[in-house]
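Student: Prediction below, plus the sequence it came from.
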Amino acid sequence: NAGVTQTPKFRILKIGQSMTLQCTQDMNHNYMYWYRQDPGMGLKLIYYSVGAGITDKGEVPNGYNVSRSTTEDFPLRLELAAPSQTSVYFCASSYDGQGDGYTFGSGTRLTVV
Amino acid sequence: GESVGLHLPTLSVQEGDNSIINCAYSNSASDYFIWYKQESGKGPQFIIDIRSNMDKRQGQRVTVLLNKTVKHLSLQIAATQPGDSAVYFCAENAKNSGYSTLTFGKGTMLLVSP
């Protein structure tokens, strides 16, 4: 049982480049989330999804896009990378949307130079 | 907007001591709180939770206290061990467009010396 898998683990992007952060879960969870964590800070919600075909903005969605074509996958897209997007990105999933049931991935460390 | 925050950014204790990590919240409508532990290079892991109809909840070596009057919760770790060294976050389960999402505080780093 892999849980929540994120790829890549590390990435360096140049300003203006684009990339997709991959997230997949094998627990058949309906709820999935993307958070970013800046140094010395808590996690901030970027986007979330309550089921395939349904996505919604979180606290800091600007500069990002998501899609949820399947229950398992929830990719996060950066179209025009900016230095302000340098952060660690965490994907999480949940069966019922309750905080005790969140399973987090191990994160993707992104640097934009 | 309303947010969840922490009082102490770093807490250093000796092995065997009891640790207390504090958290203040400002959303009086919050009814569910969670403590997470984040080890270096890993995602947060659930420790314990508490609902607003409770004042105290105990787990294995951990206790969460909730004071709704002053909007404060704390995490107590008994007999702290080096393996407890990590960053601890409180989180609030808040309604967002009808669905619940987590709002995290800034975190407290716990350093346990042998």
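Tutor: Sure, I can see it.
Student: Pairing partners for the closest residue to chain B within chain A in the sheet, please.
Tutor: Relative to chain B, the nearest point of chain A is residue A:104 (2.9 Å; Cβ to the nearest Cβ). From N, CA and C alone the C-beta is placed, and that goes for glycine too. Assessed by DSSP bridges, residue A:104 has beta-bridge partners residue A:92.
Student: Residue B:39 is in contact with that one, correct?
Tutor: No - Residue A:104 is beyond contact range of residue B:39, at 11.4 Å (criterion: Cβ atoms under 8 Å).
Student: More neighbours: those two, which one.
Tutor: Remark: of residue A:104 and residue B:39, residue A:104 carries more neighbours, 22 against 13, as counted by other Cβ atoms under 10 Å in any protein chain shown.
Student: Show the contacting residues for the residue of chain B found nearest chain A.
Tutor: Of the residues in chain B, the one nearest chain A is residue B:43, at a distance of 2.9 Å by Cβ to the nearest Cβ. Contact analysis of residue B:43 by Cβ atoms under 8 Å, 6 or more residues apart in numbering or on different chains lists A:4, A:90, A:92, A:104, A:105, A:106, A:107.
Student: could you redo those residues as CSV and give each row pLDDT and distance to residue A:23?
Tutor: Shown next, in CSV, are the contacts of residue B:43 (pLDDT from 0 to 100; distance: Cβ to Cβ, whole Å):
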residue, pLDDT, distance to residue A:23
A:4, 96, 7
A:90, 96, 9
A:92, 96, 9
A:104, 94, 10
A:105, 95, 6
A:106, 93, 11
A:107, 95, 11
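Student: Pick the one among those residues closest to residue B:75.
Tutor: Residue B:75 has its nearest neighbour among those in residue A:104, at 18.3 Å by Cβ to Cβ.
Student: Quick one: neighbours of the residue lying closest to residue B:114 once chain neighbours are set aside, just the number.
Tutor: Counting by Cβ to Cβ, 6 or more residues apart in numbering or on different chains, residue B:15 is the residue found nearest to residue B:114 once chain neighbours are left out, at 5.2 Å. Residue B:15 has 14 neighbouring residues, counting by other Cβ under 10 Å.
Student: can you list the residues of chain B near chain A?
Tutor: B:4, B:9, B:32-34, B:41-46, B:49, B:89, B:91, B:93, B:96-97, B:99-107 (Cβ under 8 Å from any Cβ of the partner chain).
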